[in-house]
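A.B. asks: Quick one, fold the following:
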Amino acid sequence: MEFVPLGTILAIMPWNYPLWQVIRFAAPALMAGNTAMLKHASNVPQCALAVEEIFRASGFPSGVFRTLLIPSAAALRLIDDPRIAAVTLTGSDQAGSQVAAAAGRALKKTVLELGGSDPFIVLDEADLAAAVKIGVQARYQNAGQSCITTKRFIVVESVFTEFQERFVEAVRALRVGDPSERTTQVGPLARDDLRDALVQQLQRSLAQGATLLVGGERRPGRGYFFTPAVLSGVEPAMPAACEEVFGPVAALLKVHNANDAIQVANASPYGLGASMWTNDLALARRLAPKLEAGFVAINGRVTSDPRLPFGGVKRSGYGRELSEYGIREFVNIQTVWIGPARS
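C.D. replies: As a prediction, this is how the structure comes out:
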């Protein structure tokens, strides 16, 4: 059996982690023997050029990794080019549908790492102090602008009130400000249209019966700031729970028991990551396979680690990045059979 590189891989990458997202695709693809072409987000052209320079300065031969400063429509047309062997995209599920359709017409392999609405399940036997600390970090990192940040906090009723009180207190203490300051914990959103969309999701959830416990305001001045918000009384059909909320808003959902928590967690079109908090590890092992997610963290937060495969199911995409599985996504697993010698 031989693992033969496919050729040139076209990567369409997002702006929210403009260096790391490219490296996590490029390292496995190049290690497998492929070459790469990067179409980065239009608002991070300097990062796109910097990554190409990093590979060049590291000694890679000229042309092994190239950056294309082209619009999204041109990237979709490029998929049909016979010199492109396969495509990988990290972005929204809408963008993933467009890329998958274009690649499907050309019969080319794709890996899609798309949006998420990751659940954070807190059960009876959980360490609430640790769950709150990690939960706040997981939700508000990068101002909530990440596909793998926790978005829905699904908490059993026996500990819901205490968890909510601790969580709100921790969110109130977050330091919002200039991201270049070391003491800042939550910076601004990337664009004003993203903030507008977040406000609309918040308002629609409130109109459907959710309660705003803290934050949720545009902060005046330079930068697209939105104060970290917590919504309680959230139901699965509300925008804060059924849509991807790409900003610093946490949705708290109360459930009766662990089985209800699994049902609510799976009541989402997304299936990227999930966290479960309980000191009953036997229970966690029984419940984890029932979660419709590509990554399940027990008593920790979902994060990408080069040693572990990463990817989702449902509208969060398919295929895996990182680890040995990521290296083998863009190869031809070629069977070589040698028959008996004959005179």
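A.B. asks: so where's this protein uncertain?
C.D. replies: The chain contains residues with pLDDT under 70 at 343.
A.B. asks: Show me how it divides into domains.
C.D. replies: Here the domain parsing of the chain from automatic domain parsing is 2-114+316-334, 118-298.
A.B. asks: Minimum distance to Arg307: which of the ones you listed has it?
C.D. replies: Nearest of these to Arg307, taken as Cβ to Cβ: domain 2-114+316-334 at 6.0 Å. For glycine as for every other residue, the C-beta is placed from the backbone atoms N, C-alpha and C.
A.B. asks: Contacts for the helix or strand where Ala274 lies, please.
C.D. replies: Counting by DSSP states H and E, the element that carries Ala274 is strand 273-277. Here strand 273-277 makes contact (Cβ atoms under 8 Å, 6 or more residues apart in numbering) with 116, 118-123, 126-127, 130-131, 134-135, 138, 148, 150, 265, 284, 287-288, 291, 293-302, 312.
A.B. asks: ok, back up a step: show me the one of the domains of the chain that comes nearest Pro306.
C.D. replies: So among the domains of the chain, domain 2-114+316-334 is nearest, using Cβ to Cβ, at 5.2 Å.
A.B. asks: Now do the end-to-end distance for that closest one.
C.D. replies: 5 Å (Cα to Cα, to the nearest Å).
A.B. asks: Next, the nearest residue to Asn332 once chain neighbours are set aside: secondary structure please.
C.D. replies: Excluding its sequence neighbours, the residue lying closest to Asn332 (Cβ to Cβ, 6 or more residues apart in numbering) is Val4, at 4.4 Å. Here Val4 is recorded as strand under DSSP: H, G, I helix; E, B strand; the rest coil.
A.B. asks: And for Asn332?
C.D. replies: Classification of Asn332 by three-state DSSP places it in strand.
A.B. asks: Now do the contacts for it.
C.D. replies: Contacts of Asn332 by Cβ under 8 Å, 6+ apart are 2-6.
A.B. asks: Helices of this structure, residue ranges please.
C.D. replies: Using DSSP state H, the helices of the chain run over 20-31, 45-57, 72-78, 93-106, 128-140, 157-172, 192-207, 239-242, 258-266, 281-287, 323-327.
A.B. asks: of all those helices, which lies closest to Arg182?
C.D. replies: Comparing the helices of the chain under Cβ to Cβ, the one sitting nearest is helix 128-140, at 16.1 Å.
A.B. asks: in that closest one, what counts as buried?
C.D. replies: Along helix 128-140, these residues count as buried under the neighbour rule (16 or more other Cβ atoms under 10 Å): 128, 131-132, 134-136, 138-140.
A.B. asks: Ser42 contacts Pro71, doesn't it?
C.D. replies: Yes: with contact defined as Cβ atoms under 8 Å, Ser42 reaches Pro71; the gap is 6.9 Å.
A.B. asks: Got a quick PyMOL command for the buried subset of the contacts of Asn332?
C.D. replies: Remark: buried members of the contacts of Asn332, expressed as a PyMOL selection using 16+ other Cβ under 10 Å:
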select buried, resi 5+6
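A.B. asks: Any chance of the contacts of Asn332 in CSV with distance to Pro220 as columns?
C.D. replies: Below are those laid out as CSV (distance: Cβ to Cβ, whole Å):
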residue, distance to Pro220
Glu2, 61
Phe3, 56
Val4, 57
Pro5, 52
Leu6, 51
